[in-house]
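>>> Dropping the sequence and predicted coords here.
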Amino acid sequence: MNPYVLAIFLSSLGLGTTLTFASSHWLLAWMGLEINTLAILPLMAQQHHPRSVEATTKYFLAQATAAATILFASTTNAWITGEWNITHMSHPAATIVITTALAMKVGLAPMHFWMPPVLQGLDLTTGLIMATWQKLAPFVLLIQVAPTTHPTLLMLLGLLSTMIGGWGGMNQTQLRKMLAYSSIAHLGWMIIVIQFMPQLTTLTLSIYITMTSAAFLTFKLLLSTKINMLALAWSKTPVTTATTALILLSLAGLPPLTGFMPKWLILQELTKQELPFTATILALTTLLSLYFYLRLCYAMTLTIAPSMNNATTPWRLTNTQTTLPLAISTTLTLMLLPLTPAIQALVY
């Protein structure tokens with residue numbers, strides 16, 4: 001793609017998200033979401049491959065449906081109450097519809113069906129943008145709408161997402177589909193605590209973006225898209241193979257890695273709110289996700305490729321990829337847990 005055209009699309013992505021961040025009016029927020037969607041579509045379809053075109057079409061249809069529903073619900077709220085302000089959603093039906101539409105935008109279960117096939121059809125760089133940057137604008141709106149939304153709806157979305165995110169990833173062999181289900185499970189954790197402590201949702205989203213960036217950039221460095229390709233990783237970069245296993249365990253939420261921090265704080269908050277049953281279900285659904293992360297770790301670190309000739313060939317190939325973003329995100333993914341009190345003081 002032409003660098004100037006690429007720069008226009010990337011700046012439009014930034015503009016759309018910033019517009020949604022800055023707006024308090026539903027029409028402006030909707031406009032920001034639309035700019036965001038239209039800017040990423042050419043980036044998704046730039047490979048001119050049938051799968052990427054199919055993924056782009058699915059993504060467009062899902063996002064257009066969600067955007068139309070947001071516009072309909074906000075107009076209904078303005079018609080009934082005369083209020084366009086995002087934080088003053090007073091009509092319960094409009095609020096429930098708009099929360100459901102934003103859940104579809106972001107990929108929460110049970111409106112998650114578009115996400116795994118879309119992420120599977122993209123290359124790893126565009127998939128990284130899809131799994132991280134595209135979550136920001138809808139989540140800002142969800143945080144603003146959450147105080148007026150029915151708590152049962154948010155709880156249901158959260159529990160369904162964590163369960164489906166865990167079950168869905170167990171039988172996958174494609175890394176991008178696994179990361180899509182991992183994303184759904186993490187979003188479930190965020191949405192369940194959004195009504196009690198929005199700052200904790202923001203912290204969890206930030207840490208999720210850091211960990212997912214590290215995972216995507218690692219797979220990009222190793223040129224891996226399937227589980228069986230990870231068996232060749234040790235011969236390319238042995239050190240990266242070791243750190244990748246730790247990144248995956250951090251995504252699973254095991255101590256003493258960074259991923260444990262948000263899960264620990266969310267379970268603590270749910271216990272404070274006298275919801276021990278919900279906290280127990282959430283903790284148990286993490287075991288489902290842990291299973292498929294451990295599958296990846298096993299494939300990378302304990303499996304040797306069938307043919308040693310194939311395994312040793314990558315030593316001779318020079319890799320020209322920039323590794324600084326990967327190094328920064330990996331360090332943050334592995335080492336932030338001891339700073340939990342300082343981070344809490346900053347966020348809260």
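Happy to help now that I have it.
>>> Of all the residues in stretch 240-254, which ones are buried?
240-241, 243-254 (16 or more other CB atoms under 10 Å). Yep, even glycine has a C-beta here, placed from its N, CA and C like the rest.
>>> how near is residue 48 to residue 261?
42 Å (CB to CB, to the nearest Å).
>>> coming back round to it: for the buried residues of stretch 240-254, which one is nearest residue 277?
residue 253 (19.5 Å; CB to CB).
>>> So which of the buried residues of stretch 240-254 are in helices?
240-241, 243-252 (DSSP state H).
>>> which of those residues lies closest to residue 92?
residue 251 (36.2 Å).
>>> quick one: contacts for the closest one?
Shown in contact with residue 251 (CB atoms under 8 Å, 6 or more residues apart in numbering): 182, 211-212, 215, 259, 289, 293.
>>> which one of the buried residues of stretch 240-254 is nearest residue 111?
Of the buried residues of stretch 240-254, the one sitting nearest to residue 111 (CB to CB) turns out to be residue 251, at 22.6 Å.
>>> how much space between the closest one and residue 36?
25 Å.
>>> residues contacting the nearest residue to residue 189 once chain neighbours are set aside?
Take residue 189 and drop its neighbours on the chain: the residue closest to it by CB to CB, 6 or more residues apart in numbering is residue 266, 5.7 Å away. Residues counted as contacts of residue 266 (CB under 8 Å, 6+ apart) are 189, 192-193, 200, 204, 282.
>>> Residue 266 in helix, strand or coil?
helix (DSSP: H, G, I helix; E, B strand; the rest coil).
>>> ok so, going back, just the ones in helices from the contacts of residue 266, please.
Using DSSP H, these in helices are 189, 192-193, 200, 204, 282.
>>> biggest separation within the residues you listed, which pair?
200 and 282 (13.3 Å).
>>> The stretch 201-348 of the chain: helices as residue ranges?
Ranges of helices within the stretch 201-348 of the chain are 233-236, 238-252, 260-272, 276-301, 308-312, 324-335, 340-347, based on DSSP state H, counting those that start in this stretch.
>>> between these, which one is nearest to residue 157?
helix 276-301 (12.5 Å).
>>> Which helix or strand contains residue 90?
Residue 90 belongs to no helix or strand when assigned by DSSP states H and E.
>>> ok, it touching residue 77?
Yes - Residue 90 is in contact with residue 77 according to CB atoms under 8 Å; the separation is 7.3 Å.
>>> hey, what's in contact with both of these two?
Common neighbours of residue 90 and residue 77 (CB under 8 Å, 6+ apart) are residue 83.
>>> Comparing these two, which shows the higher neighbour count?
residue 77 (24 against 13; other CB atoms under 10 Å).
>>> Quick check: closest non-adjacent residue to the more buried one.
Using CB to CB, 6+ apart, the nearest residue to residue 77 is residue 94, at 3.8 Å.
>>> One more: residue 271?
Using CB to CB, 6+ apart, the closest residue to residue 271 is residue 279 (5.6 Å).
>>> Likewise for residue 149?
Looking at residue 149 with CB to CB, 6+ apart, the closest residue is residue 99, at 4.7 Å.
>>> picking up where we left off before, pick the one among the contacts of residue 251 closest to residue 160.
Closest to residue 160, out of all of these and judged by CB to CB, is residue 289, at 14.5 Å.
>>> show me the residues around the closest one that make contact.
165-166, 169, 182, 185, 251-253.
>>> And the furthest pair within those?
Longest span within the contacts of residue 289, CB to CB: 169 and 253, 14.0 Å.
>>> ok, the spatially closest residue to residue 325 that is not a sequence neighbour - how many residues close by?
Setting aside the residues directly before and after it, residue 325 is nearest to residue 217 in space (CB to CB, 6+ apart), at 6.0 Å. Neighbour count of residue 217, defined by other CB under 10 Å: 23.
>>> so what pLDDT did the residue nearest to residue 77 get?
Here, the pLDDT recorded for residue 94 equals 93.
>>> Strictly from the record, what residue spans define the domains of the protein?
Domain assignment for the chain, taken from automatic domain parsing, gives 1-139, 150-348.
>>> Worst mean pLDDT among these?
domain 150-348 (a mean of 89).
>>> From residue 141, how far out is the residue nearest to residue 189?
Distance of residue 266 to residue 141, computed by CB to CB: 21 Å.
>>> again with residue 196
From residue 196 to residue 141 the distance is 18 Å (CB to CB).
>>> out of these two, which sits in the busier spot?
The neighbour count for residue 196 versus residue 141, taken as other CB under 10 Å, is higher for residue 141 (25 against 17).
>>> Enumerate the positions of stretch 25-39 that are buried.
Buried residues in stretch 25-39 (16+ other CB under 10 Å): 26, 29-37, 39.
>>> I would like the residues contacting it, please.
9-10, 12-13, 15-23, 59-60, 63-64, 67, 70-71, 74, 77-78, 84-86, 105, 134, 137-138, 141.
>>> So which of those residues sit within helices?
Using DSSP H, the contacts of stretch 25-39 in helices are 9-10, 12-13, 15-22, 59-60, 63-64, 67, 70-71, 74, 77-78, 105, 134, 137-138, 141.
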